[in-house]
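Undergrad: Provided below are the primary sequence and the corresponding predicted coordinates.
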Amino acid sequence: MVTRVVVGAHYGLGDWLLQRLTAVVMAVYLVMVGVVLLCNPPSDYLTWKALFAPQWFRVASLIFLLGVFYHAWIGMRDILMDYVKPVAVRLGLEVLVALALIAYACWSITILWRV
């Protein structure tokens, strides 16, 4: 009998599902925003500001952006794992990507709640 030895981080299926879930969240948000913009297209800054004034719209936008950032993290991490073989270089690039995505998330939060 052959004994199978499983190695690795074991996060393939879970991340695959989470990437699909974030894609669905992003698609629903984009359809929602598309409908809102088609029904009431903003023409100036005050109209755009009024669009993002309700708390539910800010929360929906934040969920969308966090989904985008997590989706990007999974994709970039998988690309780096597949194509960057030196471990030190891959780790450095993963840290840079993670820091950039965290900075973008913080920046997005300040933008959404500053309006």
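TA: Done, it's in.

Undergrad: where's the residue nearest to the spatial centre of the chain, which helix or strand?
TA: Centrality entry for the chain: nearest residue to the mean C-alpha point is residue 68, 1.9 Å, by CA atoms, centre = their mean. Applying DSSP states H and E as the criterion places residue 68 in helix 55-83.

Undergrad: Give the other helices and strands that that helix contacts.
TA: helix 12-39, helix 87-114 (3 or more CB pairs under 8 Å, 6 or more residues apart in numbering; DSSP states H and E). Backbone N, C-alpha and C define where each C-beta goes, glycine included.

Undergrad: thinking again about what came up before, hang on, the residue nearest to the centre of the chain packs against residue 22?
TA: Yes - between residue 68 and residue 22 a contact is recorded at 7.4 Å, counting by CB atoms under 8 Å.

Undergrad: how about TSV for the helices and strands packed on helix 55-83, with distance to residue 45, mean pLDDT and mean neighbour count added?
TA: Listed next are those as TSV, based on distance: least, CB to CB, whole Å; pLDDT from 0 to 100; neighbours: other CB atoms under 10 Å:
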stretch	distance to residue 45	mean pLDDT	mean neighbour count
helix 12-39	15	93	13
helix 87-114	13	96	13
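
Undergrad: I'd like these written out as JSON lines, with distance to residue 81 added.
TA: Shown next, in JSON lines, are the helices and strands packed on helix 55-83 (distance: least, CB to CB, whole Å):
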{"stretch": "helix 12-39", "distance to residue 81": "11"}
{"stretch": "helix 87-114", "distance to residue 81": "7"}
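
Undergrad: Which of those helices sits closest to residue 53?
TA: When the helices and strands packed on helix 55-83 are compared by CB to CB, helix 87-114 sits nearest residue 53, at 10.9 Å.

Undergrad: Measure how far that closest one is from the centre of its chain, please.
TA: 11 Å (CA atoms, centre = their mean, to the nearest Å).

Undergrad: what does stretch 27-36 give?
TA: How far stretch 27-36 lies from its chain's middle: 16 Å, per CA atoms, centre = their mean.

Undergrad: neighbouring contacts of that stretch?
TA: Residues outside stretch 27-36 that contact it (CB atoms under 8 Å, 6 or more residues apart in numbering) are 51, 60-61, 63-64, 67.
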